[in-house]
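[1] Sequence first, predicted model second:
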Amino acid sequence: MSQFELIATAAFGLEAVLAEEVKKLGYPDVKVDNGKVTFTADTGALCRANLWLRTADRVRLKVGEFKAVTFDELFEKTRVLPWPELIPADAAFPVDGKSVKSALFSVSDCQAITKKAVVESMKKKYKKEWFEETGPLYRLEVALLKDTATLTIDTSGAGLHKRGYRAGAGEAPLRETLAAALVMLSRWYPDTVLWDPCCGSGTIPIEAALIGRNVAPGLNRIFASENWPTIPEEMWRQARQETRDLAQFDLPLDIIGTDADTRVLKTARQNATAGGVGDCIHFQRLPVTDIQTKKKYGKIICNPPYGERLGDMRDVERLYREMGKSFSKLDTWSTYVLTAHPQFEKLFGRSADKKRKLYNGNIQTHYYQYYGPRPPKLKDRPGLHRT
């Protein structure tokens with residue numbers, strides 16, 4: 001298969017951000033749906049998408065899509081798909097499943113029927129009655145939505161948020177993919193100061209540093225499809241070489257992470273060092289009430305406690321009031337705050353210039369955006385994701 005469809009999945013609310021990433025990678029033929037972006041590409045794109053996409057949860061290879069309202073229909077339409085062209089005889093191919101608003105609502109039955117259909121397809125090609133499944137992993141998924149079945153193979157393995165640098169986290173860590181999205185939505189540039197005053201284990205500053213230096217988020221991890229014999233090793237080697245060629249590992253950045261909790265700052269420093277960006281992030285214990293700086297035109301990006309997973313609600317609401325007072329002193333800065341608290345704007349003391357609904361895990365949040373004055377125009381300002 002020289003050309004095929006890939007599906008990059010994402011948390012609800014991040015689809016447009018992910019679609020922009022895919023286009024910047026050089027794949028303009030995109031289709032955006034709830035929780036996913038589908039695009040047409042070649043084998044090289046499978047490697048590059050896993051290495052470069054910052055806001056995707058995982059990358060799936062789409063094998064087929066069709067209507068199915070009976071188990072017989074699911075079996076027959078699955079069986080005729082080109083499984084032997086994709087899956088070698090020794091592969092392990094477990095089947096995951098999900099069903100939403102579909103006649104075939106039993107997920108376990110859909111998984112079993114899909115598995116049987118794939119085995120029947122492979123029997124015909126490989127002239128075998130039994131498959132040991134001791135080789136590389138090809139994790140299949142049958143996903144039914146309103147009676148439409150989508151059959152895919154996971155190319156990523158562990159979720160793409162697992163960059164490999166986070167050995168430790170706070171009580172309610174922000175997923176790396178969402179942290180990257182917060183930075184990207186702020187339109188932060190590497191020549192601008194970035195400050196996270198509730199940095200916890202450092203995820204937002206670390207993701208910002210990786211973005212600022214154009215370091216691919218998947219540079220230091222492996223993917224399930226790297227073990228697939230259907231993808232030449234040379235293709236993966238070239239894709240990884242591209243990440244090294246385009247990275248600016250020594251680019252100076254001005255990124256600050258502060259928190260009132262000394263313990264989490266130790267973890268943040270360890271995580272930043274593991275991510276290769278410990279040299280460009282300054283971590284410091286500093287309560288929100290003590291925030292002050294002479295630096296101009298910076299961006300504050302933070303994910304403070306919500307009162308749902310951390311702390312007492314009164315403490316959280318006091319924190320929001322303190323944030324409003326402290327941040328108002330930085331009148332040339334822009335501020336971006338992610339929270340689930342419905343009264344945030346009232347507590348903060350200002351209505352946001354813009355807010356965007358996002359999901360932090362299963363929690364519905366809003367990303368409140370307060371714009372400062374536009375900084376002086378700079379020549380040849382660097383882009384965020386030039387690849």
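    Looks like it arrived, so ask away.

[2] can you pull out the strands in the stretch 151-300 of the chain?
    Here the stretch 151-300 of the chain has its strands, by DSSP state E, counting those that start in this stretch, at 194-196, 255-259, 281-285, 299-302.

[3] For the shortest one, name the packing helices and strands.
    Helices and strands touching strand 194-196, by 3 or more C-beta pairs under 8 Å, 6 or more residues apart in numbering; DSSP states H and E, are helix 203-212, strand 255-259, strand 299-302. No exception for glycine: its C-beta is placed from N, CA and C like everyone else's.

[4] Direction included, what does it pair against?
    Strand pairing for strand 194-196, determined by DSSP bridges: strand 255-259 (parallel), strand 299-302 (parallel).

[5] can you redo these as a markdown table with distance to residue 191 and mean pLDDT?
    Listed next are the strands paired with strand 194-196 as a markdown table, based on distance: least, C-beta to C-beta, whole Å; pLDDT from 0 to 100:
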| stretch | distance to residue 191 | mean pLDDT |
| --- | --- | --- |
| strand 255-259 | 12 | 98 |
| strand 299-302 | 11 | 98 |
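
[6] Of those, which is nearest residue 239?
    Residue 239 lies closest to strand 255-259 among these, at 27.4 Å (C-beta to C-beta).

[7] And the contacts of the closest one?
    Applying C-beta atoms under 8 Å, 6 or more residues apart in numbering, the contact partners of strand 255-259 are 193-200, 202, 204-205, 208-209, 212, 265, 268, 280-286, 291.

[8] Check stretch 234-245 too.
    For stretch 234-245, the surrounding residues in contact (C-beta under 8 Å, 6+ apart) are 43-44, 47-48, 51-52, 215-216, 218-219, 226, 387.

[9] quick one: average pLDDT of that stretch?
    Computed over stretch 234-245, the mean pLDDT rounds to 97.

[10] go on, stretch 191-210?
    97.

[11] what's the most distant pair in the contacts of stretch 234-245?
    Pairwise distances across those (C-beta to C-beta) peak at 23.6 Å, for the pair 43 and 215.

[12] Report pLDDT for the residue lying closest to residue 251 once chain neighbours are set aside.
    Residue nearest to residue 251 in three dimensions, not counting chain neighbours: residue 213, with 4.9 Å by C-beta to C-beta, 6 or more residues apart in numbering. The score at residue 213 is 98. That number is its pLDDT.

[13] Does residue 213 touch residue 206 like I think?
    No - look at residue 213 against residue 206 with C-beta atoms under 8 Å: they stay out of range, at 11.0 Å.

[14] Residue 358 belongs to a strand?
    Yes - under DSSP: H, G, I helix; E, B strand; the rest coil, residue 358 sits within a strand.

[15] And for it, the neighbour number?
    Neighbours of residue 358 under the rule other C-beta atoms under 10 Å: 21.

[16] Tell me which residues touch it, please.
    By C-beta under 8 Å, 6+ apart, the contact set of residue 358 is 11-14, 178, 181, 338, 365-367.

[17] And it, how far from residue 29?
    Using C-beta to C-beta, to the nearest Å, residue 358 is found at 26 Å from residue 29.

[18] now swap in residue 366 and tell me
    Distance, residue 366 to residue 29, using C-beta to C-beta: 32 Å.

[19] Show me which of these two is the more surrounded one.
    Applying other C-beta under 10 Å to residue 366 and residue 29 shows that residue 366 carries more neighbours, namely 19 against 11.

[20] residue ranges for the helices of the stretch 51-200 of the chain, please.
    With helices called from DSSP state H, counting those that start in this stretch, the stretch 51-200 of the chain shows them at 71-79, 83-86, 107-126, 176-185.

[21] Name the surrounding residues that touch the longest one.
    Identification of contacts with helix 107-126 by C-beta under 8 Å, 6+ apart yields 71, 74-76, 78-81, 83-84, 87, 89, 93, 95-99, 104, 128-129, 131, 140, 142, 144, 149, 151.

[22] and the angle for it with helix 71-79?
    40 degrees (axes from the mean of the first three to the mean of the last three C-alpha atoms, to 10 degrees).

[23] Pull helix 107-126 out as PDB, backbone CA atoms only.
    In PDB, the C-alpha atoms belonging to helix 107-126 read as follows (Å, rounded to 0.1, in the frame of the first residue of the first chain):
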ATOM      1  CA  VAL A 107     -18.100  -4.800  22.300                       C
ATOM      2  CA  SER A 108     -16.800  -8.200  23.300                       C
ATOM      3  CA  ASP A 109     -18.800  -9.900  20.500                       C
ATOM      4  CA  CYS A 110     -17.600  -7.300  18.000                       C
ATOM      5  CA  GLN A 111     -14.000  -8.000  19.000                       C
ATOM      6  CA  ALA A 112     -14.400 -11.800  18.700                       C
ATOM      7  CA  ILE A 113     -16.100 -11.500  15.300                       C
ATOM      8  CA  THR A 114     -13.400  -9.100  14.000                       C
ATOM      9  CA  LYS A 115     -10.700 -11.400  15.200                       C
ATOM     10  CA  LYS A 116     -12.300 -14.400  13.500                       C
ATOM     11  CA  ALA A 117     -12.700 -12.500  10.300                       C
ATOM     12  CA  VAL A 118      -9.000 -11.400  10.200                       C
ATOM     13  CA  VAL A 119      -7.900 -15.000  11.000                       C
ATOM     14  CA  GLU A 120     -10.000 -16.300   8.100                       C
ATOM     15  CA  SER A 121      -8.500 -13.700   5.700                       C
ATOM     16  CA  MET A 122      -4.900 -14.600   6.800                       C
ATOM     17  CA  LYS A 123      -5.600 -18.400   6.500                       C
ATOM     18  CA  LYS A 124      -6.300 -18.000   2.900                       C
ATOM     19  CA  LYS A 125      -3.100 -16.100   2.200                       C
ATOM     20  CA  TYR A 126      -0.700 -18.000   4.400                       C
END
